[in-house]
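S.K.: Okay, sequence plus prediction incoming.
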Amino acid sequence: MKFVIASALMLLAPAFALAQTTAQPAAKSDTKAAAKPAAKPTAKTAAKPADGKTAAKAPAKSHATAKAEPTSSRTQLKSATNQVAAGIIAAEAALSPAELAIAERVHVGRMPCELGAFVTVTADPATPGHFHVEGKGFKYYMSPVATTTGTVRLEDVKGGAVWLQIANKSMLMNQRAGQRLADECMSPEQVVVAEAIKKNPPVSVLDPLPATK
């Protein structure tokens with residue numbers, strides 16, 4: 001009897017092993033199938049917050065654009081104001097034909113003066129007829145003023161200074177302080193005239209007339 005039972009078990013053992021082997025792939029397939037549907041909803045759920053962030057970014061960009069518009073308007077207004085101010089300054093700096101004619105007679109360059117001083121007169125290339133007059137301890141921005149004597153006169157109204165030029169010398173004065181800043185200043189042209197005057201001094205109205213024969 002035992003032999004019969006043992007023989008039966010030996011015959012059934014391969015069938016049982018085959019059944020277990022067949023069951024394992026089926027279980028794996030069921031596990032994979034169950035895992036795939038679970039993964040898809042998770043991915044979709046994770047993607048939804050990303051859409052929310054994108055939606056949040058869009059209003060931020062719109063808000064930045066709204067801020068940029070007032071800034072651009074202020075920049076344009078400031079630029080227009082600067083242009084108007086520049087036009088007013090240019091109109092005030094414009095000279096008459098008579099004043100421009102005086103400016104053409106101004107001697108420019110570095111001129112030696114008495115007591116070892118120097119004055120440098122430089123034409124302003126940006127504003128015709130205007131000059132920079134500077135030396136040790138002073139600097140002025142001057143424009144010509146018409147006179148009845150024919151003397152070349154430059155003035156700095158804000159600085160209160162005057163530059164006077166005659167045939168043989170020039171002089172710089174501070175009218176507010178009533179002080180001469182430089183005297184006996186001579187350009188090369190004025191040096192020539194000064195030497196000629198020394199050789200042939202002009203006749204004074206106070207000198208007696210020569211005796212007639």
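M.R.: All right, it came through fine.
S.K.: Now do the SS call for residue 100.
M.R.: Three-state assignment for residue 100 (DSSP: H, G, I helix; E, B strand; the rest coil): helix.
S.K.: which residue sits closest to it in space, ignoring its chain neighbours?
M.R.: residue 129 (5.1 Å; Cβ to Cβ, 6 or more residues apart in numbering). To be clear about C-beta, it is placed using only N, CA and C from the backbone, and glycine gets the same treatment.
S.K.: shouldn't that neighbour be in contact with residue 98?
M.R.: No - at 10.6 Å, residue 129 and residue 98 do not qualify as touching, with contact defined as Cβ atoms under 8 Å.
S.K.: Tell me which of those two has more neighbours.
M.R.: Neighbour totals were compared for residue 129 and residue 98, and residue 129 leads with 21 against 10 (other Cβ atoms under 10 Å).
S.K.: show me what contacts the more buried one?
M.R.: By Cβ atoms under 8 Å, 6 or more residues apart in numbering, the residues touching residue 129 are 95, 99-100, 103, 143-144.
S.K.: Residue 204 too?
M.R.: Contacts of residue 204 (Cβ under 8 Å, 6+ apart): none.
S.K.: A helix includes it, no?
M.R.: No - using three-state DSSP, the assignment for residue 204 is coil, not a helix.
S.K.: in the protein, which spans are helices?
M.R.: Assigned by DSSP state H, the chain shows helices spanning 2-93, 97-103, 188-199.
S.K.: Report the buried residues of the shortest one.
M.R.: Within helix 97-103, the residues that qualify as buried are 102-103, counting by 16 or more other Cβ atoms under 10 Å.
S.K.: avg pLDDT for that helix?
M.R.: The pLDDT scores in helix 97-103 average 95.
S.K.: Check which helices and strands that helix is in contact with.
M.R.: Counting contacts by 3 or more Cβ pairs under 8 Å, 6 or more residues apart in numbering; DSSP states H and E, helix 97-103 packs against strand 138-145.
S.K.: so what strands line up beside the strand it packs on?
M.R.: strand 131-135 (antiparallel), strand 152-156 (antiparallel) (DSSP bridges).
S.K.: Quick check: which of these is nearest to residue 184?
M.R.: Among the strands paired with strand 138-145, the nearest to residue 184 by Cβ to Cβ is strand 131-135 (13.4 Å).
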